[in-house]
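Novice: Quick one, fold the following:
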Amino acid sequence: MAEQIGASTDSTPAVSFDYELYEGDPDHLRTVVATPPQISPWIVPASLNLKHRIGRGPFGDVWLATHHQSGADFDEYHEVAVKMLHPIKEDHMQKFVSKFEELFPKLRGQSGVCWLHGISIISGKICIAMKFYEGSVGDRMAQLKGGKLPLPNVLRHGIDLAKAIEGLHSIGLLVLNLKPSNFLLNEHNQVIVGDFGLPYLLLGIPLPNVDLALRLGTPNYMAPEQWEPEVRGPITFETDTWGFGCSIVEMLTGVQPWFGMSVEQIYNSVVVKQEKPVLPNGLPPAVENVINGCFEYDLRNRPLMADIIHAFESSQNGINNDGEWIGLGSRNFQEKSDSSSYTSWLPSKDHFQVGDTVRSRKMLNTSKAKSMDVPEGTVVGLEKDTNRDGFVLVRIYGMHNPQRVSVSTLERVTSGLVVGDWVRLIEENNHHSSVGILHSIQRDGTVDVGFLGLETLWKGHCSELQMAEAYHVGQFVRVKENISTPRFDWPQKRGGAWATGKISRILPNGCLVVRFPGRCVLGDEPSSYLVDPSQVERVCFDSCPGIVEKYQHVEDFHWAVRPVAITIGLLTALKVGFFVGGNVRATLKKGKRNQLQGDGNAQDGQSGGNSAWLPPPVANILFREGPPTATAR
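Specialist: Residues are numbered from 1 along each chain as shown. This next block holds a predicted model:
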């Protein structure tokens, strides 16, 4: 098996380079083209001698082993740790091996990452051999009183870790399994990232007998989008930021995030309730700010590793000489983040250049700009750097002098698109939604887009996209009439028509979280629903054709509208009934009174022989006699 897979996979070609060869005459150097030897990641199974198991994780077991390497002039034995993955199908095994072979030479060049010996297949299982390290940060914490590290050590380890993770990100690899037990310690007491991204390499590969929730990491350290990446994703570099924040909090407190909770309880806390790990008091302001940013629910609002490195390095000089951390208290759960706004970390992810077209930045998931000082303009000058605290000079159309504008209030416009725009694929794809959110756009037009149905960002060119209708928090939507079976469950009205709901949250891939204030939720019925943005249409008063439709839309605002309307109708009917009834009774009483008065007058007329008050025909009928004849004078 190993020989077949190894032979069927092409290795990355070695990169040649030139050098000048000195042969005694400095004026006559000979140019030589050299090609470094090809590094093969494959290890012969017989050269690995497994001793005993030293660990177990969601992706497989870890064994202590000996790797025998020999050649014409050497014969070496190395003590290694072997990660033996759970069995996967042969076609999926080939996919994993191809990814590993592509990344192997790049991983060998990364500092702060565990040294890889190679890969092999033993008993039908993929085995990855790496250097064996004696201990980990998790082991060190277990030996300390209270299980927590001093702040100076946390900052030092945090800087080393962030630099190593940033290096992995530079080659396009996500770790997705950051935790203290995976932070190994070398002989110089330096932290080494022990997991080089196994969950990322296993994306799209089903693992037998493993809970889906554990595929993309360890539950206590998983970001919201890791739980259901195709639905709540995509997973990006900022996903590792969440795991990094959880690890730092554990180092500072000695308590694992969500300790004692089941997988379901952690899911409910992180994904549903949007709670954040408890952050200790007494931290330097820069560290506190950046760690808080690590736990933003919307991944676009989280800092990158470069921001973390800057915050930690700037705080190292502010620690007391004794290195003690003052303030052992802890805060309660942090408030939920406002999904309709952005933090200071979002503007820092794009650096402006002279010639860029810019405009005032819009708030995430809203149609309103923070300010409209710059409807559209061109950057003509930079002040110092272009980080989130810097300024640029912008020439605005219609204004003579350039304006000095803060970088944090601007966003770059490229090919008519800006980060956060809603876009649609020109050629629709049946495997995922065709409508998504733009995450990044380079000056050459290459883009990263989050689409519902994809675990990672879609990469392509802006020429493959077109602008789509934008959705915002607070809008009302319903499933289109031509959609018979939506991607997710969606409630219906009594007549079978799709119900109308209100957008409460927008996920980074464009998936809409919709609540139905017009429906009274009882029992175990869900309070919110997910929907594919390509399958819904916006509903507003202008789009409602008639009075009935407009009233039905009013009912969508709150479930109490209909009961209140019915109550008001009943009260109005009762009031009208009482009013009409009172008038009728008054009319009847008046008529009866007039009739009694008429009867009395009639009796007086009979006795007096005077019926002249009635017309002659009526008098003839009533009294069978004509009126008295007037006497001539």
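
Novice: contacts, neighbours, all on C-alpha from now
Specialist: Will do.

Novice: All the helices of the stretch 501-633 of the chain, residue numbers only.
Specialist: 547-555, 561-608, 616-623 (DSSP state H, counting those that start in this stretch).

Novice: Check which residues of stretch 169-178 are buried.
Specialist: 169, 173, 174, 175, 176, 177, 178 (16 or more other Cα atoms under 10 Å).

Novice: Turn those into JSON lines, including distance to residue 241, secondary structure and pLDDT.
Specialist: Shown next, in JSON lines, are the buried residues of stretch 169-178 (distance: Cα to Cα, whole Å; DSSP: H, G, I helix; E, B strand; the rest coil; pLDDT from 0 to 100):
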{"residue": "169", "distance to residue 241": "11", "secondary structure": "helix", "pLDDT": "94"}
{"residue": "173", "distance to residue 241": "13", "secondary structure": "coil", "pLDDT": "91"}
{"residue": "174", "distance to residue 241": "10", "secondary structure": "coil", "pLDDT": "93"}
{"residue": "175", "distance to residue 241": "10", "secondary structure": "coil", "pLDDT": "93"}
{"residue": "176", "distance to residue 241": "9", "secondary structure": "coil", "pLDDT": "91"}
{"residue": "177", "distance to residue 241": "11", "secondary structure": "coil", "pLDDT": "91"}
{"residue": "178", "distance to residue 241": "9", "secondary structure": "coil", "pLDDT": "94"}
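
Novice: Confidence-wise, which of the helices of the stretch 501-633 of the chain is weakest overall?
Specialist: For these, the weakest mean pLDDT is recorded on helix 616-623, namely a mean of 58.

Novice: can the buried residues of stretch 169-178 go into CSV with extra columns for distance to residue 239?
Specialist: As requested, these are arranged in CSV below (distance: Cα to Cα, whole Å):
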residue, distance to residue 239
169, 11
173, 12
174, 8
175, 9
176, 7
177, 10
178, 10
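
Novice: of all the residues you listed, which comes closest to residue 497?
Specialist: residue 176 (42.2 Å; Cα to Cα).

Novice: doesn't residue 512 make contact with residue 503?
Specialist: Yes - between residue 503 and residue 512 there is a contact at 6.5 Å, judged by Cα atoms under 8 Å.

Novice: Give me the more crowded residue out of the two.
Specialist: residue 512 (27 against 22; other Cα atoms under 10 Å).

Novice: Quick check: nearest residue in space to that one, chain neighbours excluded?
Specialist: residue 506 (4.9 Å; Cα to Cα, 6 or more residues apart in numbering).

Novice: Which of the buried residues of stretch 169-178 sits closest to residue 450?
Specialist: Out of the buried residues of stretch 169-178, the member with the shortest distance to residue 450 (by Cα to Cα) is residue 174, at 16.5 Å.

Novice: doesn't residue 164 make contact with that closest one?
Specialist: No - applying Cα under 8 Å, one finds residue 174 not in contact with residue 164, separated by 11.3 Å.

Novice: can you tell me how far residue 86 sits from residue 311?
Specialist: 39 Å (Cα to Cα, to the nearest Å).

Novice: For the two, indicate the residue with more neighbours.
Specialist: Between residue 86 and residue 311, counting by other Cα under 10 Å, residue 311 is the more crowded of the two (21 against 18).

Novice: Name the helix or strand for the more buried one, please.
Specialist: Taking DSSP states H and E as the criterion, residue 311 maps to helix 305-315.

Novice: got it, and residue 292?
Specialist: helix 285-294.

Novice: Quick one: mean pLDDT for stretch 294-310?
Specialist: 93.

Novice: Next, the distance between the ends of it.
Specialist: Start-to-end span of stretch 294-310 (Cα to Cα) is 14 Å.

Novice: swap in stretch 364-380?
Specialist: Start-to-end span of stretch 364-380 (Cα to Cα) is 27 Å.

Novice: Could you number the chain from 692 rather than 1 from now on?
Specialist: Yes, from this point I'll number from 692; that puts the last item at stretch 1055-1071.

Novice: What average pLDDT does it get?
Specialist: Stretch 1055-1071 comes out at a mean pLDDT of 70.

Novice: Show me the shaky parts of the stretch 792-941 of the chain.
Specialist: 898-906 (pLDDT under 70).

Novice: Quick one: the strands in it, in order.
Specialist: Listed in chain order, the strands found in the stretch 792-941 of the chain under DSSP state E, counting those that start in this stretch are 807-813, 816-822, 826-827, 874-876, 882-884.

Novice: now the ones you listed in JSON lines, with distance to residue 732?
Specialist: Output for the strands of the stretch 792-941 of the chain, formatted as JSON lines (distance: least, Cα to Cα, whole Å):
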{"stretch": "strand 807-813", "distance to residue 732": "4"}
{"stretch": "strand 816-822", "distance to residue 732": "10"}
{"stretch": "strand 826-827", "distance to residue 732": "25"}
{"stretch": "strand 874-876", "distance to residue 732": "22"}
{"stretch": "strand 882-884", "distance to residue 732": "20"}
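
Novice: Closest one of the buried residues of stretch 860-869 to residue 1178?
Specialist: residue 867 (27.3 Å).

Novice: That closest one is in contact with residue 908, isn't it?
Specialist: Yes - applying Cα under 8 Å as the test, residue 867 and residue 908 come out as touching, 5.7 Å apart.

Novice: and for these two, which residues touch both?
Specialist: residue 890 (Cα atoms under 8 Å, 6 or more residues apart in numbering).

Novice: and residue 1128, how many residues sit next to it?
Specialist: Neighbours around residue 1128, by other Cα under 10 Å: 24.

Novice: Any chance of the backbone angles for residue 1046?
Specialist: phi 100, psi -10 (degrees, to the nearest 10).

Novice: Not counting its neighbours along the chain, what's nearest it?
Specialist: For residue 1046, the closest residue by Cα to Cα, 6+ apart turns out to be residue 1070, at 5.2 Å.
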